[in-house]
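**Student:** Provided below are the primary sequence and the corresponding predicted coordinates.
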Amino acid sequence: MQFYLMLFRKTYVRNFQYRMAAMANNLGSLVFGFMYIAIWQGTLGPERHVLGFGQDEMGWYMAFVQGIFFLSFMALPRGFEIEESVRTGSISLQMMRPVSFYGYYLAHGFGYHAYNFLFRSIPVYLILSLFVGFPSFDMANLPLLVLSLLFSAYLGFLSNYFVGVVAFWTNSTRWAFLVMYTLINTFSGFLVPLPILPGFLAPLSLVSPFAGMNYYPAMVLLGRPTLLGVLVPLFWCVALTIVALRVTQAARRKLEVQGG
Amino acid sequence: MALYWKLVKASLKSQLQYKLAFAFEVVMFMIMQALDFLLVAAILLKFDTVGGWDLYEVGYLFSIASLVRSLYRVFANEIHSFEKYTKNGEFDQLLTRPVSPLVLLFSRGINWNQIGGFLQGVLMLMFALWGLHEQGASIWAALLYLPVSILSGALIVFSLGLATATIGFWTVKINELLAFTHYGPLNAASYPMHIYPGWLRGVLFTLIPVAFIAYVPSLYLFDKGGALWYLLVSPLIAFVVAGLALRFWKFGIKHYHSTGS
């Protein structure tokens, strides 16, 4: 356990080396944030509503999801660069270590998450909120908000891990990254709250693993927590962990075959 | 020029070596852009307009932005991913050749898999123009202006990319900066500018002038209160921005210090 905590801390600290780059990226994120807020404000105006939300609420929604964008797989090194380790062969050394391969990347991923949350999510959210204001938040929902953020961060980690381990079976993880990016961008509620997606996409997205990344945490912030908003991400966190561990086992066997 | 076309053909051939991976990426880029638009379409189908612009008008802005972004990524991807040259000291090699580094960068890699974004842009443009035509709007001016629009838009995107790459001579790393100079602005150019707050509009008209890619000409083309001379402004701005970016690039090369790796 101590090893994982140390790895978590080292990854967190290492990020400080690139703080200027992170700040430049935050600027870009602010452009996106203002853009999405403007799209909704330009659409709703002072009178229209979506799901009972007016332009103020949609401004808060957009500021929040832009902030927690940094808990998504987009803010992690692509597939934890497992592809490079497979290509260079250093993966065999990693697999030989007396620590869990999955646990290693989990600690690594949350080291990034911790840095990103403190120095990217919070500043971006606060700056956007200076323009759109803050929602009146019921503090009784705080534990639920923390829980939904943890779900979001864990799902972000899992999506990146899956992109990475694909490298054991294919030459490039680029295609897996593109597929994941497309699914998350569309079905996580990043630009559009999920219930207004057209046709069957709305109910489908609400029970997908992606909904727990943006939509359900945002609903908690806006004072609309639901049981489904807890159960769906919880189910996917558990189910996908089992899948990830199985895939890791399969990857280990695959590597043994290659290295034989 | 003949040499350049030879290199273009060679890069296509090499990328077609992995036909399945190539086809997959082309299709993925098409789907990605289609889904991007689907999200906006979901909003517009529910509310009819964004800032007074309907689905087809926004579709036109979206498609032009997609077309110019894809063209830039197909033909000037090395400029876009210039960080590897500054970070790994690879730029030194280009300086030792008897040809301009910029020409070398152009000829080094044609990123054909991004052509999917271009094809999707064409489909989206057809959809937008067809919709506008069905609504009774005249689309002939937009069709005639299309080559100018694409060329000047691509030149603006290229210039922003070149300026960002030049900044890399001092900062070494530029990938994170691209969110501010490429990804964010190009997405912003897919929507009518007047929906943005004043300061952001100011940035998008001056420092990062993506407003001239599609929005400004559209004000005239779709009778949104623009004047005929708006059609001249975009190419003019494109040439000015390209001139400035080139001067900045040359200035950057003069002051370039290798990373020494």
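**Tutor:** Cool, got the structure. Numbers count the residues shown, from 1 in each chain, chains lettered A, B, ... in the order given.
**Student:** From now on I want contacts and neighbour counts done on CA atoms only, so please keep to that.
**Tutor:** Will do.
**Student:** and B:Tyr256, which of the three is it?
**Tutor:** Under DSSP: H, G, I helix; E, B strand; the rest coil, the three-state class of B:Tyr256 is coil.
**Student:** which residues does the closest residue to it other than its chain neighbours contact?
**Tutor:** In space, and not counting its chain neighbours, B:Tyr256 is closest to B:Phe169: 5.6 Å by Cα to Cα, 6 or more residues apart in numbering or on different chains. Residues near B:Phe169 by Cα atoms under 8 Å, 6 or more residues apart in numbering or on different chains: B:86, B:252-253, B:255-257.
**Student:** can you do 7 Å?
**Tutor:** With contact set as Cα atoms under 7 Å, 6 or more residues apart in numbering or on different chains, B:Phe169 has these partners: B:86, B:252, B:256.
**Student:** which among the residues you listed gets closest to B:Thr96?
**Tutor:** Ranked by distance to B:Thr96 (Cα to Cα), these are led by B:Tyr256 at 13.5 Å.
**Student:** Residue of chain A nearest chain B, please.
**Tutor:** The nearest approach of chain A to chain B comes at A:Gly28, 3.7 Å away (Cα to the nearest Cα).
**Student:** thinking that residue is in contact with B:Phe180, fair?
**Tutor:** Yes: using Cα atoms under 7 Å, A:Gly28 is in contact with B:Phe180, at 3.7 Å.
**Student:** What pLDDT is listed against the residue nearest to B:Tyr256?
**Tutor:** Predicted confidence (pLDDT) for B:Phe169: 89.
**Student:** Ok, B:Gly260 next?
**Tutor:** Reading off the model, B:Gly260 has pLDDT 55.
**Student:** Distance check, B:Leu207 against chain A.
**Tutor:** 13 Å (Cα to the nearest Cα, to the nearest Å).
**Student:** How about the secondary structure of that residue?
**Tutor:** B:Leu207 is classified as coil under three-state DSSP.
**Student:** Neighbours of it, how many?
**Tutor:** Burial of B:Leu207 is recorded as 11 neighbouring residues (other Cα atoms under 10 Å in any protein chain shown).
**Student:** ditto for the one 5 residues further on
**Tutor:** B:Phe212 has 26 neighbouring residues, counting by other Cα under 10 Å.
**Student:** Summarise which helices and strands the helix or strand where B:Ile79 lies is packed against.
**Tutor:** Secondary-structure assignment from DSSP states H and E places B:Ile79 in helix B:77-80. In terms of contacts (3 or more Cα pairs under 7 Å, 6 or more residues apart in numbering or on different chains; DSSP states H and E), helix B:77-80 is packed against helix B:101-108, helix B:140-171.
**Student:** need the next SSE after it, C-terminal direction.
**Tutor:** Heading C-terminal from helix B:77-80 (DSSP H and E), you reach helix B:83-87.
**Student:** Give the rounded mean pLDDT of the very next helix or strand once past that next one.
**Tutor:** Sequence-wise, the next helix or strand downstream of helix B:83-87 (DSSP H and E) is helix B:91-95. For helix B:91-95, mean pLDDT is 82.
**Student:** and helix B:91-95, which residues are buried?
**Tutor:** B:91-92, B:94 (16 or more other Cα atoms under 10 Å in any protein chain shown).
**Student:** could I get those residues as a markdown table with distance to A:Gly54?
**Tutor:** Listed next are those as a markdown table, based on distance: Cα to Cα, whole Å:
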| residue | distance to A:Gly54 |
| --- | --- |
| B:Phe91 | 52 |
| B:Asp92 | 55 |
| B:Leu94 | 55 |
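**Student:** which parts of chain B sit against chain A?
**Tutor:** Taking Cα under 7 Å from any Cα of the partner chain as the measure of proximity, chain B contacts chain A at B:25, B:28, B:32, B:35, B:39, B:42, B:47, B:49-51, B:176-177, B:179-180, B:184, B:188, B:195-196.
**Student:** From those residues, which land in strands?
**Tutor:** B:49-50 (DSSP state E).
**Student:** Quick check: helices, which of the residues of chain B next to chain A are part of them?
**Tutor:** B:25, B:28, B:32, B:35, B:39, B:42, B:47, B:184, B:188 (DSSP state H).
**Student:** interface residues of the stretch 1-150 of chain A facing chain B?
**Tutor:** So far as Cα under 7 Å from any Cα goes, the stretch 1-150 of chain A lies against chain B at A:21-22, A:24-25, A:27-29, A:31-32, A:35, A:38-39, A:42-43.
**Student:** now these as TSV including secondary structure?
**Tutor:** Below are the residues of the stretch 1-150 of chain A next to chain B laid out as TSV (three-state DSSP):
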residue	secondary structure
A:Ala21	helix
A:Ala22	helix
A:Ala24	helix
A:Asn25	helix
A:Leu27	helix
A:Gly28	helix
A:Ser29	helix
A:Val31	helix
A:Phe32	helix
A:Met35	helix
A:Ala38	helix
A:Ile39	helix
A:Gly42	helix
A:Thr43	helix
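**Student:** Select only the buried ones of these in PyMOL?
**Tutor:** With 16+ other Cα under 10 Å as the criterion, this PyMOL line picks the buried residues out of these:
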select buried, chain A and resi 21+22+24+25+27+28+29+31+32+35+38+39+42+43
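**Student:** List just the nearest of the residues of the stretch 1-150 of chain A next to chain B to B:Pro101.
**Tutor:** A:Ala21 (25.6 Å).
**Student:** burial measure for the nearest residue to that closest one once chain neighbours are set aside, as a count.
**Tutor:** Counting by Cα to Cα, 6+ apart, A:Ala21 lies nearest to B:Glu176, which is 5.6 Å off, once chain neighbours are set aside. When neighbours are counted by other Cα under 10 Å, B:Glu176 registers 19.
**Student:** Give the phi and psi angles for B:Glu176, as a check.
**Tutor:** Phi and psi for B:Glu176, reported as degrees, to the nearest 10, are phi -70, psi -30.
**Student:** okay, which residue is most central for chain B?
**Tutor:** B:Arg69 (2.7 Å; Cα atoms, centre = their mean).
**Student:** Could you export the ones in helices among the residues of chain B next to chain A as a markdown table, including pLDDT and neighbour count?
**Tutor:** Below are these laid out as a markdown table (pLDDT from 0 to 100; neighbours: other Cα atoms under 10 Å in any protein chain shown):
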| residue | pLDDT | neighbour count |
| --- | --- | --- |
| B:Glu25 | 78 | 22 |
| B:Met28 | 81 | 20 |
| B:Met32 | 81 | 21 |
| B:Leu35 | 83 | 16 |
| B:Leu39 | 84 | 23 |
| B:Ala42 | 84 | 17 |
| B:Phe47 | 83 | 16 |
| B:Gly184 | 88 | 20 |
| B:Ala188 | 91 | 27 |
